[in-house]
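Q: I would like to see how this sequence folds:
(2 chains)
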Amino acid sequence: EAQVTQNPRYLITVTGKKLTVTCSQNMNHEYMSWYRQDPGLGLRQIYYSMNVEVTDKGDVPEGYKVSRKEKRNFPLILESPSPNQTSLYFCASRGLAGIRSEQFFGPGTRLTVL
Amino acid sequence: GENVEQHPSTLSVQEGDSAVIKCTYSDSASNYFPWYKQELGKRPQLIIDIRSNVGEKKDQRIAVTLNKTAKHFSLHITETQPEDSAVYFCAAPEGYSSASKIIFGSGTRLSIRP
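A: All right, here's what the predicted structure looks like:
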């Protein structure tokens, strides 16, 4: 089954404790991205990657890191989480062939930073 | 860069009536306009999209219209049903490349009254 997976689905942590949210897709998609969803603000892109070893900042990259060592994986790293990073996070992927292709989202990770 | 504005932020309609959600965009090079539906506690999923070379597209009870001159596009849901209750997001790319970043509107929470 074609899908995007994320782990963990829920996470409660404390300020300053490094964490990683994993993301994996099995559709051989080149493009992967991370979004955060906050009430009234829609989906804002944090980082994106157009292929292995190619990453770039989105609209709200401060406090986050990513890596793309393999095509299927795109982990999101919070080196020193702060309460303002409490949010719902979605990983997404899509292919780059053709004019446009559907973007598939992971199930989401609800993060609470105390 | 691209700016996508979405209205209204909340919408309540009687079951069986129609619902219309409107979005405007700023980048005249945008050529693809997807709509996503996010049910409570779930991930956003693509429900319909339209490319810039057509003015309207229908899929059963859902339709999307595009006015490139005015830079706005709308989602129309006819004969609404309880399962249409969700948050809907419009989106537009920043530029015309297949690798362009997708910018999302802030979302519309649609409620269907029985």
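Q: who touches stretch A:73-87?
A: If you take C-beta atoms under 8 Å, 6 or more residues apart in numbering or on different chains as the criterion, stretch A:73-87 is touched by A:13-25, A:32-34, A:36-38, A:46-47, A:49, A:63-68, A:89, A:91, A:93, A:111-114. Glycine gets a C-beta too; all of them are placed from N, C-alpha and C.
Q: can you give the distance from that stretch to the centre of its chain?
A: 9 Å (C-alpha atoms, centre = their mean, to the nearest Å).
Q: what's the answer for stretch A:43-52, then?
A: So, by C-alpha atoms, centre = their mean, the centroid of stretch A:43-52 is 7 Å from its chain's centroid.
Q: do the same with stretch A:3-16
A: Relative to the chain's own centre, stretch A:3-16 is displaced by 10 Å; criterion: C-alpha atoms, centre = their mean.
Q: what does that stretch contact?
A: Looking at what lies outside stretch A:3-16 - C-beta under 8 Å, 6+ apart - the contacts are A:19, A:21-27, A:80-83, A:89-93, A:104-114.
Q: that one: which residues count as buried?
A: Within stretch A:3-16, the residues that qualify as buried by neighbour count (16 or more other C-beta atoms under 10 Å in any protein chain shown) are A:Val4, A:Gln6, A:Leu11, A:Thr13.
Q: surely B:Ser100 and B:Asn31 touch.
A: No - judged on C-beta atoms under 8 Å, B:Ser100 makes no contact with B:Asn31 at a distance of 9.0 Å.
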